[in-house]
Each structure stands twice: as C-alpha cells, then as structure tokens.
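Asks: Predicted coordinates and the sequence they were generated for:
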Amino acid sequence: MPALEVFGRRSRVVGSDDLYCPALFLFLYQLPLSTVCILYASLWRSCSSTSFDANGLPFWYMLGAMPLFFFRGCIYLMIMQVSAKGTIVDHERRVLMPKMLRVHVLWSLVLLSYGILGIYCWYYRDICHRDARFVLAIGAFLVAEVSFTFALGICIFSNAQLQEAISFEKPPGGIPNNPYEIDREVPNSDVYVPHSQRLWKQRCTRCCMCIRCFTCNLFGGAGTRHDSMSVVAKVFSRLFYGSPDLVISDIVAGFILLAAVQAHEERHEVIATSPHREGDEEEEATLANLRAKIRASTGSKRSLGIDNSSITEVIDSESPSLTFPENANECHEISIPISSLDDKDARFEHSKRAFYYHPSDPDLNDVELTEKLEELAHFSKYAIGIYGWMLYVWSHPWSGTISLAFSCLRRNRTYVHGDNWFHLGQTAMQLETKIRSDDIVYASFRNSVYQPAFAVMLDHDRQEVVLAIRGTLSLEDCLTDAIAYGMSMDDVANRWSCDGAGEFAHQGFLTCAESIYIELNRLGILEMLFDDKSMAAIATHSVNVCERGAYRDYGLVLTGHSLGAGTACLLSVMLRPKYPRLRCFAYSPPGCTMSPSLASRCAEFTYSVVVGDDIIARSSLTSAEALRDQVLDLIGRSKVNKAVILRQVIAWRTPDELLHQSSDEHSAFDDNGDSRKPSPFIAHLSNYRTMLQRIQESEPIHELTLPGRVVHLKRVVRAKSAAGCWVCCRPGGGGMCCTARTNYRFAWAAEGQFSKIRIGRTMLDDHFPDKVHYVLQDCVKRMRKNEHENERL
C-alpha cells in the first residue's frame, strides 16, 4: 500500500509490504544451492581439476556461482528488511522497494545468463561425467528460479495500468454531463474513480464463465447471460466505487483487524454477562455450602417435625442472612454478601443482549420458544431436502452416495419436473424428508434467474401442506442474491391484494416470490388441495392430482433456507389473504429480506432461525457499506506492519497492540525515529471515505432486515475461552473449518442484533443448511431428554 509501481507500471495485486514472504521463500531456496557449491568445491570434487581448461570448468563454474548466490541472498534480505518497515499506510518508509526490485531484475538477468552458460557447457563441452552433473543441476536451478520470478512478475503486472494512464473517467469533452459527477471528484486526492457499471458487468460475466469452466456446469450458469447482470453490476459498483489504492492483502489485513476488535469486544461482553466470571469462585463456593446446609437442615427439621415457617429470613441494608434451626435448641445464621445474590441477575438485567437458554436448563419456561424450536426442527428437513442430491452427498459423505445409488432407480413421475435422468433430486428429497413419492404434489428442480426450485409436499404427521423453496445452489441463484436493492412492494400489493403497500423488499427475492405465486396459480395446486368449491383450472398433466379440497383441514407451511427463506417469507405475505392460517419457517434468511415495519407485522406467522455468526443473516447493503467503512478505518489506524497483522491468525494480540485510538494519532517517523510527519496516505483514505459518504447521502438505500421473529442458536463460550486466535479451534470445536454441532443455546433474538456483520471462522459454516438442520435436531433432542429425566424425578 499503495500499489507497487515498477518500471512505470502499477500493480493492483501486490504492495511494497507484500514481498516479505516471497523474498524469504526465495532466500531459503538459495541456501541448498549455496551449500552444494561449497561442498563441491571443498569435498565432492572428484574428476575435475583447478586448471583453466575443460577439466577445470566444473570447479570454476561452481566456485563462480557462490558469490552470485551470496549477492542474490543479500538482495532478498534487503527486500525483506524494506518490506517489513512502516505500517500498512506508512508506505514512505518503503520508498526503496522499487529500486531494490530493479536491482533484483538486473541481477536475475545475470543469473539467467550464468545458468544458460552452465547448461551450454554441460551439453557441448567435454567434461567429466560425475562433475558435469553438478554443473547441470546448478544451471538448471538458476534458470528455473529466474523463470519462476519473471513469470510471477508478468502475472502481477500484466493487467497493470501505466501510471500516466491512471486518471478520472470522464465523458467525451472532459466535462461530466451529470452535475453530480462533478461533485464526486474529491479535491486534492488521487483516488482512482469510478469503477463503472460496464466494468463490473464484464467482471461478473467473466467470473461466471470461469466458474462454469472449472466446475463443468455442475452449478449451472447457462442462464447468467441475463439482463439482471446490469443490476448486479450496479450493486457492486456502489459498494466498491472507485479505488482507494489498496491491494488484496491490505483488505485481508483489514478484515483480520476487524475480527480482532470484534473478538475483543465479545470477550468483554462474555465477562460482563457470564455467570461464571473470574473471581466468582469464592461466592459460588459460599452459595454451594449454603445450599448444602439448607438441605441438611431441611432433612433434620422434617425429622423433628418443625414447620417451614420456623425458617426466617433477615435482610438488612448491607447483607442478607438466613436463620434456621439446626436442632430444637439452637439456630445457625449465615450471612451472604448482597453482591453474590444480585450480581448475576443485575448483569443480565442491565444487559440488552438476549438471554440464552440451554436445552437442559431447569429454568427453561418459555413455552412459545420451545414449541417453535420443535417446529423449526421438524420442518427443517423440507428446507434441506429440496436442495437435492448435491447437499445430500455433502451432508452424508460416507453413506450418501451409496443410498442414492440404491434408491435412484425410480420410475418417472409426471409431477416431478427438471430432475436428471437418474431422478437423483427426487430421491435425495425423499431420503431426507422420509416421505413417499405419492406425498409429493408437485416438484420443480428447474432453475434460472428469479426462478428457484420448489416443491409442494404433504406432511400427514403434522397435517400440513409444505411448500419448500430451494436456497442458493447455482450461479443463477447467486445472481438473484446479488440483486439486493430494495424494491417497492406497492405494485405487488395492488396486484395481489396483499400487505406491503409503502414497504420495500429485496428485489431478487420479491421477483422470485411473485414468479412462484404465478406458477402456483397457473397449476391450481393450492386451490385443488384446500378449496372444494373452487372452479380454478388444474394442470392435471403437471401435478399429482387429488380430489378438490381433500386437504382442506390441513394447514399451509412455507419454508426455505437462505434465498429460499427470503422468497418464502415474501410469498407468505402474498398468500396470506387467501390462507390466513399459513405459517412460514425461514432458515438463515438473508438480512436484507424486507423493510423493518413489514418484518414486525410478519412476526405473527413468520419464524426465522439464525445459527452463530452466520454472515448471510447479517448481510445487507447497509451492513456491507458499514463493514467496508470499518475496514477502511482500521487500515488507517493500524500501527504495525502487515506481517504482524497476518500473524494474528495464529498468535493472538489485543487491538491496543495493533491499532491507534484514531487515525489522527497515526504518524510516520524517519528511520532514526526523531522527526514526526503526518502520513499522506491517511489524507488519501480520508478523501476516499468522504467521497463514499457523499455517494451514500446522494443515493440513499432502503433499510432491510430479517423477517418475522428470530430464534438465535449460539455456542456460548466462557470468559476464559473467549480470547484467543479467531481462526483456531476453541474448546469443543470441530476443527479449523467448522464448529461442533452440539451444545448450542437458543434465545429470541434482540432487536438489531444482526445489523452488523461479524468476522469469524464460522461465519460461512454457520450458514450451511445441513448444519442448521443438525443443530436444531440436537437442541430438540437434548431438550426432550431433559424433560424425560424431570418426569422421572
């Protein structure tokens, strides 16, 4: 930071502080070669001499390679030293890096020539065979190393722009047609703006093409050449407007800093609200002794026939005391500090955070919460069953393939559409949901932009008609997710006579919900199932036909995960005027589904569940912009070099050791540490953030949030375990990439709890549908086990 500039070309991939590890790797690469040269000249020389002819060529070649390797190693050490200077934004202390790279390039040419010379001598000169192998090895390694470094440099700078070509993009004539474009140009800043929608459209298109190529169309992509790509480009061009002259590693370091700050804050929250705080051991021991004495005295009291009223409680202004008879003649009084009784309750009383219940908690008396948790656990199998065979194999890595192989030979069903030739989608759905094929009313695995896969099934155990909508699985679904602008629901409310007038919803989800609504009306499925008096046409060739109104006593449940959850919530709003008893269970819905007022009204029939630090449940345009601003702020406040920040993933350091209190405190010092001068890149970042604020003020976006009432499942850690590396395994964890799926607690989420994105090692794993399903099953299983144990007592 800023981007590295060499030979008049500016790379946007590598900064001057990114060369420490590559230089270290190449330096270590030099050591065995230098060792071979030294050992050959001193010990391993067998048939060559020291004369200046063909017989002495191997000796003098190996001897001449030693100073070349030595100087090359010195260059790498100097690059490492220069790269480690300063901080992310204090790049002035690395001003020698371009000169060092020029010296490195020139010396690489010398080594390349020397390596080619060695190969030439080995091939054309008559030298002894045993020593010729050393000449060939050194020459080949030299050519390989220089070729590798040159190829790496070409990859880094191939897409770079010439420095003189970096300027503002303006319409022909040099004056912007839009007055607002003039306002976007930040004075006294060399920020590169703007990334146009056309550029982002090209990037998104190329990205989809690459994914299609590397996955062999396993995740679709044929429908990504869609008009909606322009909307996606508009979203990305707003979030990443212009360029603050940051490279990829700068952004990664910013996210690591944010993770460290959030982990530090979480630790203090755990300490503030945990009933097992450090220093509470004495109070806990006092309470334990008190309980033991009360139980013992109660037993002796009953044996003596003493009534409960003989126990008296005396509470004065400083400390309460309990007085009860130990025998018929004497009393025993125990005084307890008032803090030991009230601290725990006070901590939770004054905390605005949700109170999390454990499945085996004896104080679990929230009947509505437990009932909804059981229903969420039951209907989650439909939300993951609609994903088909890919998720089934993913969630059952050992038995999934075998189960599908022995179950896929099913005859074709006319009411299952878009499945493959082996009917793997239908097979996986039945294996996951445990339903018969006759209980599938309609299933469509066809998928395109704005048209997710969905199925209508019958749950006879709960007497419910279940409409399950698939979440994100294809590139087309990713495109739908990215169309994240808020869209007015006025037209939808007027068209279908439903709630939503004056409200906004995620544009992609709203369009998906309306397309499914239209498809249901075309097929006449719900009318066939619920209304025996309906005269609506039924597409008998496409659905599993039954008698009209055969399931009018059944309820209607809409469910889905991720994209499917957001679509199901909006579809339930459209269907509720016709089916007022419907319910919606949304699993890990995106945090940009609908406007807050509509979400609060949906709380009557919509229940959502979020696991841990799920990033999708916290994602919206507003939270993404806040995340971007936080990362930029932390980059500007960093006070250590990037290598120290990257080591944060394996060696924990507190934010005070990594960050200044504010960007104003950031300063740059010379090598002697005497003079103090402000870093110009701080002003550069400040100008860029000012420009982003102008864009946000001139183009406000609508606030969107999670739908309905939200249940949060969380692994609550103790205060002593809350610190540590943010990517390493914590106690009870399941590995580097995921956490265990047991020992979760649950609570009704507090308002605004998911308004900010949390950076953590499980933020992606917590969103996976199979994990959500298994965590819910584990919570309900342990809760029922506790109920059975209490009934026995």
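Replies: Structure received.
Asks: For the stretch 151-300 of the chain, give me the ranges with low pLDDT.
Replies: For the stretch 151-300 of the chain, applying pLDDT under 70 flags the ranges 158-196, 242-243, 270-300.
Asks: Do a quick rundown of the helices in it.
Replies: Using DSSP state H, counting those that start in this stretch, the helices found in the stretch 151-300 of the chain span residues 179-184, 197-215, 228-239, 248-273, 281-304.
Asks: And the chain, split by domain according to the record?
Replies: In the assignment given by automatic domain parsing, the structural domains of the chain cover 3-164, 186-239, 248-273+622-698, 293-349, 367-610.
Asks: My read is that Trp496 contacts Val573, right?
Replies: No. Using Cβ atoms under 8 Å, Trp496 and Val573 do not qualify as a contacting pair, with a distance of 9.1 Å. Where you see a C-beta, it was placed from the backbone N, CA and C, and this is true even at glycine.
Asks: more crowded one of these two?
Replies: Comparing Trp496 with Val573 by other Cβ atoms under 10 Å, the one with more neighbours is Val573, at 27 against 18.
Asks: List the contacts of that one.
Replies: Taking Cβ atoms under 8 Å, 6 or more residues apart in numbering as the definition of contact, the neighbours of Val573 are 498-500, 513, 598, 602.
Asks: For those, pick the one with the most neighbours.
Replies: Ala513 (27 neighbours).
Asks: Roughly how far does it sit from Leu473?
Replies: 18 Å (Cβ to Cβ, to the nearest Å).
Asks: Need the residues that contact the helix or strand harbouring Phe379.
Replies: Counting by DSSP states H and E, the secondary-structure element that holds Phe379 is helix 367-385. Helix 367-385 is contacted by residues 357, 364, 391, 395, 428-430, 432-434, 457, 459, 462, 466, 468, 471, 557, 559-561, 564-565, 585, 587, 607, 609, 709, 711, 746-748, 769-770, 772-773, 776-777, 779-780, 783 when judged by Cβ under 8 Å, 6+ apart.
Asks: Looking at those, which are in helices?
Replies: When helices are assigned by DSSP state H, the members of the contacts of helix 367-385 inside them are 391, 395, 428-430, 432-433, 564-565, 769-770, 772-773, 776-777, 779-780, 783.
Asks: Can you turn the buried subset of the residues you listed into a selection I can paste into PyMOL?
Replies: A single PyMOL command suffices to select whichever of those are buried according to 16 or more other Cβ atoms under 10 Å:
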select buried, resi 391+395+428+429+430+432+433+564+565+769+770+772+773+776+779+780+783
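Asks: hang on, isn't Tyr40 packed against Ala132?
Replies: No. Because the distance of 11.9 Å does not satisfy Cβ under 8 Å, Tyr40 is recorded as not touching Ala132.
Asks: Now the common contact residues for the two.
Replies: Common neighbours of Tyr40 and Ala132 (Cβ under 8 Å, 6+ apart) are Pro58.
Asks: what about these two, which has more around it?
Replies: Ranked by neighbour count (other Cβ under 10 Å), Tyr40 and Ala132 place Tyr40 first, with 24 against 21.
Asks: Quick check: nearest residue in space to that one, chain neighbours excluded?
Replies: Leaving out its chain neighbours, the residue that sits closest to Tyr40 by Cβ to Cβ, 6 or more residues apart in numbering is Met62, at 4.9 Å.
Asks: That neighbour: what's it in contact with?
Replies: For Met62, the contact set (Cβ under 8 Å, 6+ apart) comprises 37, 40-41, 134-135, 138.
Asks: which ones among the residues you listed are found in strands?
Replies: Restricting the contacts of Met62 to those inside strands, with DSSP state E as the criterion, leaves an empty set.
Asks: Need the max-distance pair from those residues.
Replies: Across these, no pair lies farther apart than Ala41 and Val135, at 12.5 Å, counting by Cβ to Cβ.
Asks: So which of these two has more stuff around it?
Replies: Set Ala41 next to Val135 and count neighbours by other Cβ under 10 Å: Val135 wins out with 25 against 18.
Asks: Give me the pLDDT for that one.
Replies: On the pLDDT scale, Val135 is placed at 83.
Asks: Surely it touches Ile127?
Replies: Yes. In this structure, Val135 sits in contact with Ile127. The criterion is Cβ under 8 Å, and the distance is 7.1 Å.
Asks: returning to that earlier point: which of the domains of the chain sits closest to Thr705?
Replies: Between Thr705 and those, the shortest gap by Cβ to Cβ is with domain 367-610, which sits at 5.0 Å.
Asks: before we move on, the earlier item: got the CA positions of the helix holding Phe379 in CSV?
Replies: Included here for helix 367-385 are C-alpha records, laid out as CSV according to Å, rounded to 0.1, in the frame of the first residue of the first chain:
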residue,chain,number,x,y,z
VAL,A,367,-43.3,-22.4,26.2
GLU,A,368,-43.6,-20.5,22.9
LEU,A,369,-39.8,-20.6,22.4
THR,A,370,-39.6,-24.4,23.0
GLU,A,371,-42.7,-25.1,20.8
LYS,A,372,-41.3,-23.0,17.9
LEU,A,373,-37.9,-24.6,18.3
GLU,A,374,-39.5,-28.1,17.9
GLU,A,375,-41.5,-26.9,14.9
LEU,A,376,-38.4,-25.4,13.3
ALA,A,377,-36.5,-28.7,13.9
HIS,A,378,-39.3,-30.7,12.3
PHE,A,379,-39.8,-28.6,9.1
SER,A,380,-36.1,-28.1,8.5
LYS,A,381,-35.9,-31.4,6.7
TYR,A,382,-38.0,-30.0,3.9
ALA,A,383,-35.8,-26.9,3.6
ILE,A,384,-32.7,-29.0,3.1
GLY,A,385,-34.5,-31.8,1.2
